[in-house]
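>>> Return a 3D structure for these sequence lines:
(one chain, ligands or ions: 1)
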Amino acid sequence: MKKKLAIIGAGIAGLTFGNLIKKHSKHDFTIYEKEENLSVEEGYGIQLSTNSIKILNQIGFDKVNYEKIFHPKGVDFYNIHNKKICDLDLTEFNTEKYKYTTLQRSVLIEFLKDDIYTQHLRFGKRIKEVSELKGKVLIKFDDNTNDLVDIVVGADGIFSNTRSFFENKKNKPKFQKAIAVRTILKSKSELNISEERISLMMGKNCHLVIYPINKNKDLNLVCIIRDKKYEPNNIKFIVDKVVKQNQNLKKIFDSELTSWPLYSTTNILPSSNNKVFYIGDAFNGFLPTLAQGAGQSIESAYELFSLLKEENLDVQNSYFQQRLKRAKIVRKRSNLNFFVFHFSSSIMQIIRNFFMKFLVKRKSFINSYLGTIYKN
Ligand SMILES: Cc1cc2nc3c(=O)[nH]c(=O)nc-3n(C[C@H](O)[C@H](O)[C@H](O)COP(=O)(O)OP(=O)(O)OC[C@H]3O[C@@H](n4cnc5c(N)ncnc54)[C@H](O)[C@@H]3O)c2cc1C
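Reported below is the predicted structural model:
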């Protein structure tokens, strides 16, 4: 049966869901975004493993300009002094059609908006009030417009406002006492790294990830630093904690830096309303240490879309159980990486490096640690 859907939030999750509905179903939908436009300025890089590429290809991602994306062949792990510890081959998860991909978030958003921009996207929309009417949900927006829909999809990020209208139980994201700093590098400076691979450097209470995001080999740098407080005006001071560990890093932090505090959700709660679903970070926000946030946003959109398409009679429960199982695995791995990447004791670092060298070559370990995530 044809349904009417309201998607709240035009991030990766909401836009992917909209595209799937548009290309592969007869349902009617509108995406309501609180901002006045989509932020397509450069933005940070994202890594997409084959699980998400497989889904995105169903909506035409394979036609994206090849120059604007990159397929790194592996990850090189270094200590903070730029001494290589070991490397991981990413190509073993690739197929001819689906390859581990890095790109700028803006490139993905541009692609996702293309087909739905004029017809399905509404800007400057914030929910003011919701109520039930004749078995449907009536949403009133604060610009005095409204929509009567069969299904509401909350895709409004980790601080989901949609939840506050439909759920009594709060699920407040927790500050993880860590800060992300990012910039785009035009060259690798004095670092001894490959510009064609992902480089991950682990230091005391911090780690850096550098990877190419296009065929120009512009490099995305993200540095995660543990700190109890987030003070946006004090970023240089925080970054100094990293530079003190390796002066060669000074140059790469000389460019313009953007920073933000890292939050994640500790509980995964179901929707209490049969007509309301959450996807992406609104379902669960992960730490970025497995690079799966965008990937899981795409996967969650696909899972919900598939259940709606096959007219599953128990969509709410099926969706929640499926997503919960997946989110728990990803969350566990992201949290473990967050812990292991940041050891401050040199003895712990030596032990970690020893185990990493050993494990990274064990196919069975890599397949169960990453294969289960990448190949879903
Ligand atoms: C440092 C860092 C590095 C990362 N690296 C990676 C990576 O390499 N790979 C990866 O897969 N992921 C990565 N991620 C995570 C990833 O970017 C996010 O998980 C993903 O973008 C979440 O998408 P989303 O659509 O659920 O939410 P969002 O991107 O937050 O989008 C939510 C949208 O909803 C809108 N909105 C908010 N409130 C309302 C409202 N009340 N009404 C209407 N609209 C609203 C917002 O304006 C926004 O457009 C990283 C994250 C960080 C912090």
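>>> Hmm, residue 18 is touching residue 117, no?
No: Residue 18 is beyond contact range of residue 117, at 10.2 Å (criterion: C-beta atoms under 8 Å). Any C-beta I mention is one placed from the backbone N, CA and C, and that applies to glycine too.
>>> Show me which of those two is the more surrounded one.
Between residue 18 and residue 117, counting by other C-beta atoms under 10 Å, residue 18 is the more crowded of the two (27 against 14).
>>> The more buried one looks like it's in a helix, true?
Yes: assessed with DSSP: H, G, I helix; E, B strand; the rest coil, residue 18 lies in a helix.
>>> ok, it - contacts?
7, 10, 29, 31, 112, 116, 120 (C-beta atoms under 8 Å, 6 or more residues apart in numbering).
>>> tell me the contacts of the closest residue to residue 26 other than its chain neighbours?
In space, and not counting its chain neighbours, residue 26 is closest to residue 2: 5.1 Å by C-beta to C-beta, 6 or more residues apart in numbering. Listed by C-beta under 8 Å, 6+ apart, the contact partners of residue 2 are 26, 27, 28.
>>> shaky segments in the stretch 1-150 of the chain?
Where the stretch 1-150 of the chain drops to pLDDT under 70, the residues are 42.
>>> What segments of it are strands?
With DSSP state E, counting those that start in this stretch as the criterion, the stretch 1-150 of the chain has strands at 4-8, 28-32, 45-48, 69-70, 74-79, 84-89, 101-104, 121-122, 127-133, 136-141, 146-149.
>>> can you check the stretch 151-300 of the chain too?
Counting by DSSP E, counting those that start in this stretch, one finds strands in the stretch 151-300 of the chain at the ranges 151-154, 174-185, 198-203, 206-212, 219-226, 258-264, 276-278.
>>> could the ones you listed go into JSON lines alongside mean neighbour count?
Below are the strands of the stretch 151-300 of the chain laid out as JSON lines (neighbours: other C-beta atoms under 10 Å):
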{"stretch": "strand 151-154", "mean neighbour count": "26"}
{"stretch": "strand 174-185", "mean neighbour count": "18"}
{"stretch": "strand 198-203", "mean neighbour count": "24"}
{"stretch": "strand 206-212", "mean neighbour count": "24"}
{"stretch": "strand 219-226", "mean neighbour count": "22"}
{"stretch": "strand 258-264", "mean neighbour count": "17"}
{"stretch": "strand 276-278", "mean neighbour count": "27"}
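>>> now the nearest residue to residue 165 once chain neighbours are set aside: how far from residue 6?
Leaving out its chain neighbours, the residue that sits closest to residue 165 by C-beta to C-beta, 6+ apart is residue 130, at 4.8 Å. Distance of residue 130 to residue 6, given as C-beta to C-beta, to the nearest Å: 10 Å.
>>> and if you look at residue 257?
From residue 257 to residue 6 the distance is 37 Å (C-beta to C-beta).
>>> Show me which of these two is the more surrounded one.
A count of neighbours by other C-beta under 10 Å puts residue 6 above the other of residue 257 and residue 6, at 25 against 15.
>>> Wait, the more buried one touches residue 154, no?
No: using C-beta under 8 Å, residue 6 makes no contact with residue 154, being 9.6 Å away.
>>> interface residues of the stretch 201-350 of the chain facing the ligand?
222, 280, 281, 282, 288, 291, 292, 293, 294, 295, 297 (C-beta under 6 Å from any ligand atom).
>>> Tell me the predicted confidence for the fifth one.
Model confidence at residue 288, expressed as pLDDT, equals 95.
>>> Let me know how buried it is, in neighbour terms.
That count, for residue 288 with other C-beta under 10 Å as the rule, works out to 22.
>>> how close does the residue of the chain positioned farthest from its centre sit to residue 26?
Residue farthest from the centre of the chain, counting by C-alpha atoms, centre = their mean, is residue 134 at 36.6 Å. In this view, residue 134 and residue 26 are 21 Å apart by C-beta to C-beta.
>>> And residue 248, by the same measure?
Residue 248 is 57 Å from residue 26, by C-beta to C-beta.
>>> ok, these two, which is more surrounded?
The neighbour comparison of residue 248 against residue 26 (other C-beta under 10 Å) goes to residue 248, with 14 against 9.
>>> ok, and the closest non-adjacent residue to that one?
Leaving aside its sequence neighbours, residue 248 sits nearest to residue 190 (C-beta to C-beta, 6+ apart; 5.1 Å).
>>> I'd assumed residue 249 was in contact with the one you found.
No: taking C-beta under 8 Å as the definition, residue 190 is not a contact partner of residue 249, at 9.1 Å.
>>> Neighbour count for these two, which is higher?
residue 249 (24 against 12).
>>> Now do that one against the ligand, distance only.
17 Å (C-beta to the nearest ligand atom, to the nearest Å).
>>> try residue 329
For residue 329, the distance to the ligand - C-beta to the nearest ligand atom - is 15 Å.
>>> what do you get for residue 206?
Taking C-beta to the nearest ligand atom, one finds residue 206 at 13 Å from the ligand.
>>> list the contacts for the residue lying closest to that residue once chain neighbours are set aside?
Spatial nearest neighbour of residue 206, excluding adjacent residues (C-beta to C-beta, 6+ apart): residue 225 at 4.5 Å. Residues near residue 225 by C-beta under 8 Å, 6+ apart: 178, 179, 181, 205, 206, 238, 239, 241, 242.
>>> Just give me the neighbour total for the fourth one.
Yep, that's residue 205 we're talking about. Residue 205 sits with 17 neighbouring residues when counted by other C-beta under 10 Å.
>>> Check the offset of stretch 79-99 from the chain's centre.
Put simply, stretch 79-99 sits 19 Å off its chain's centre (C-alpha atoms, centre = their mean, to the nearest Å).
>>> That one spans what distance, first to last residue?
27 Å (C-alpha to C-alpha, to the nearest Å).
>>> what's in contact with it?
49-50, 53-54, 57, 62, 71-78, 100, 191-193, 197-198, 201-204, 206, 242, 245-246, 248, 349, 353, 356-357, 360-361, 366, 370-371, 374-375.
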